[in-house]
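return atomic coordinates for the entry below.
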Amino acid sequence: MAELINLAGRIAGSKASVLIEGESGTGKELFARLMHTLSPRSGKALITVNCGALTESIIESELFGHEKGSFTGAHQRRIGRFEQADGGSLFLDEIGELSPSVQVKLLRFLQEGEFQRVGGSQVLRADVRLISATNRDLEHEVKNGKFREDLFFRLNVITLKVPALKERREDIPALIEHFVLHSTPLL
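Okay, here's the model as predicted:
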């Protein structure tokens, strides 16, 4: 883990996209936060989106925003996460859950730095460092046609593989100590 933390620190200053791979609960979001905190973008926002927790219809609006009246319930313009993260970092957790249509729009952003709000015609730009995470084997998903190959290569410029706790048993005592010292009593 010390080597992985060191690597995260060394790549923090890069503008390259980072893909963090690992099982659920291995601390992928902590690595994203570490890289943002150590980056020149630390003075700006780190915006986090859990792609697996949102439906396809909502994720597009969440990421890119929407214009008033663009769909039922869109009573006002909404600024998306890319605009909110401008100058900072955007962490997309569970990136493997994105639908093919949202994958296309994300790819366009990564290639051009441009996007449009849902229902909008104005082309917008944002300067965002993208950090994404997955507990899936995206290479396998690409081979099975479930994830775009071109998007995978855009996301996977730098890869961090976070090992499961079963592979780093030496960390268990430190984790136990942390949770015992920082937990609140049940009563």
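
nearest the geometric middle of this protein, what residue?
Nearest residue to the geometric centre of the chain (C-alpha atoms, centre = their mean): Leu92, 1.8 Å.

show the contacting residues for that residue.
Val49, Cys51, Leu130, Ile131, Ser132, Ala133 (C-beta atoms under 8 Å, 6 or more residues apart in numbering). C-betas here are computed from N, CA, C, even on glycine.

what packs against the helix or strand containing Phe31?
Assigned by DSSP states H and E, Phe31 belongs to helix 28-37. With contacts defined as 3 or more C-beta pairs under 8 Å, 6 or more residues apart in numbering; DSSP states H and E, helix 28-37 has these neighbours: helix 2-11, strand 18-21, strand 46-50, strand 89-93, strand 129-134.

chain center to that helix: distance?
10 Å (C-alpha atoms, centre = their mean, to the nearest Å).

what lies in contact with that helix?
4-5, 8-9, 11-12, 18, 20-22, 42, 46, 48, 88-89, 91, 93, 129, 131, 133, 135, 160, 162.

next: stretch 53-67.
49, 51, 71, 74, 77-83, 94, 98-99, 101-102, 105-106, 115-120.

please identify the buried residues of that stretch?
Leu54, Ile59, Glu60, Ser61, Glu62, Leu63, Phe64, Gly65, His66, Glu67 (16 or more other C-beta atoms under 10 Å).

can you give me the end-to-end span of stretch 151-161?
18 Å (C-alpha to C-alpha, to the nearest Å).

picking up where we left off before, among the contacts of stretch 53-67, the buried ones, what's the ChimeraX command?
Here is the ChimeraX selection string for the buried members of those, based on 16+ other C-beta under 10 Å:
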select :49,51,74,78,80,81,82,83,94,98,102,105,106,115,116,117,118,120
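
I'd guessed Ser132 sits against Ile95; true?
Yes: under the criterion of C-beta atoms under 8 Å, Ser132 makes contact with Ile95 at 4.0 Å.

between these two, which contacts overlap?
Shared contacts of Ser132 and Ile95 (C-beta under 8 Å, 6+ apart): Leu19, Leu155.

got TSV for the buried residues of stretch 53-67, with pLDDT too?
Formatted as TSV, the buried residues of stretch 53-67 follow (pLDDT from 0 to 100):
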residue	pLDDT
Leu54	92
Ile59	94
Glu60	91
Ser61	91
Glu62	93
Leu63	95
Phe64	93
Gly65	90
His66	86
Glu67	86
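
for Pro173, state which of those is nearest.
Set against Pro173, the nearest of the buried residues of stretch 53-67 by C-beta to C-beta is Leu54 (36.9 Å).

gap between the closest one and Thr72?
To Thr72, Leu54 is 17 Å away according to C-beta to C-beta, to the nearest Å.

quick one: low-confidence residue ranges for the protein.
172, 174-175, 178-179, 183-187 (pLDDT under 70).
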